[in-house]
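K.L.:
Got a sequence here, can you build the structure:
(one chain, ligands or ions: 1)
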Amino acid sequence: MDPKCVVIFSGKRKSGKDFITEKLVEILGKDNATIVRISAPIKKHWAELHGLDLSQLLDSTSYKEQHRLAMIEWSEQERSKDYGVFCRSAASVAKETLKPVWIVSDARRKTDLKWFRENFGSILKTVRVTADDDIRIQRGWNFTAGVDDVASECDLDDISGWDWTVSNNGKTEAISDFLQELEAWIKQSL
Ligand SMILES: Nc1ncnc2c1ncn2[C@@H]1O[C@H](COP(=O)(O)OP(=O)(O)OP(=O)(O)O)[C@@H](O)[C@H]1O
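P.N.:
Model prediction:
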């Protein structure tokens, strides 16, 4: 089933994308909304290729960090052949869920935005999550060369015109205003 609305999130590591998108699903209800992860097909393929535990690659453990660099390099090669390869794959899994609201939690590339705009542009909103570096450090981030200074982390830094930009430094009030606005937009599109 095609979605009725799609909200695509981006933000640096430990800015709080998972935290906010999971909150949003809680608010909307699991029957209505699904989280779409563009990185899921990358991790699935990587796990199969190397005999790794997929569930550990999907969550926020240090295991994921151990494999992040190699996955970035491999996915880069695949994306250069077909920029929509992972978006298309993630969207086809989302279609199977039959949920009307898709919350894409991990846009990292201009081509991710391009693919979702081309396919769902009339029902799409975009969100950039930001957090100060000291807050990200408190949440477990440490600068890693080859990860934090490459396109997968920086490609969307110079994009403006997000429908919402959310400062997620732990001030729950700022997030709750944003969540209410987004919830209102989602409900009117259902
Ligand atoms: N507003 C918040 N209040 C409390 N805790 C938060 C908030 N935002 C994020 N966190 C916590 O900070 C940590 C990192 O957040 P999260 O995993 O959502 O970041 P992320 O942007 O998805 O990171 P990554 O790109 O590395 O997956 C988590 O433990 C999360 O629970």
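K.L.:
CA only for contacts and neighbour counts going forward, please
P.N.:
OK.
K.L.:
Distance of the most centrally placed residue in the chain relative to G11?
P.N.:
In the chain, the centroid-proximal residue (CA atoms, centre = their mean) is D106; its distance is 1.4 Å. Using CA to CA, to the nearest Å, one gets 8 Å for the distance from D106 to G11.
K.L.:
Show me what the lengthiest helix in the chain is packed against.
P.N.:
Counting residues, the longest helix found in the chain (DSSP state H) is helix 62-81. Under the contact criterion of 3 or more CA pairs under 8 Å, 6 or more residues apart in numbering; DSSP states H and E, helix 62-81 touches helix 39-50, helix 54-58, helix 85-97.
K.L.:
Restricting to C-alpha, output the longest one in CSV.
P.N.:
Included here for helix 85-97 are C-alpha records, laid out as CSV according to Å, rounded to 0.1, in the frame of the first residue of the first chain:
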residue,chain,number,x,y,z
VAL,A,85,18.8,1.5,-4.7
PHE,A,86,18.4,1.6,-0.9
CYS,A,87,15.5,4.1,-0.9
ARG,A,88,13.6,1.8,-3.3
SER,A,89,14.3,-1.3,-1.2
ALA,A,90,13.4,0.4,2.1
ALA,A,91,10.1,1.7,0.5
SER,A,92,9.1,-1.7,-0.8
VAL,A,93,9.4,-3.1,2.7
ALA,A,94,7.4,-0.2,4.1
LYS,A,95,4.7,-0.8,1.5
GLU,A,96,4.2,-4.3,2.9
THR,A,97,3.4,-2.9,6.4
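K.L.:
centre of the chain versus that helix, how much separation?
P.N.:
13 Å (CA atoms, centre = their mean, to the nearest Å).
K.L.:
Just the buried positions in it, please.
P.N.:
85-91, 94-95, 97 (16 or more other CA atoms under 10 Å).
K.L.:
ok, now stretch 70-84?
P.N.:
71-72, 75, 83-84.
K.L.:
got it, and stretch 23-41?
P.N.:
24-25, 28, 32-41.
K.L.:
likewise stretch 152-172?
P.N.:
Buried residues in stretch 152-172, counted by 16+ other CA under 10 Å: 152-153, 156, 165-169.
K.L.:
again, but for stretch 98-116
P.N.:
Neighbour-count burial for stretch 98-116 flags 98-113, 115-116 (criterion: 16+ other CA under 10 Å).
K.L.:
How about stretch 182-190?
P.N.:
Going by 16+ other CA under 10 Å, stretch 182-190 has these buried residues: 182, 186.
K.L.:
Do me a favour and average the pLDDT over that stretch.
P.N.:
Averaging pLDDT along stretch 182-190 gives 96.
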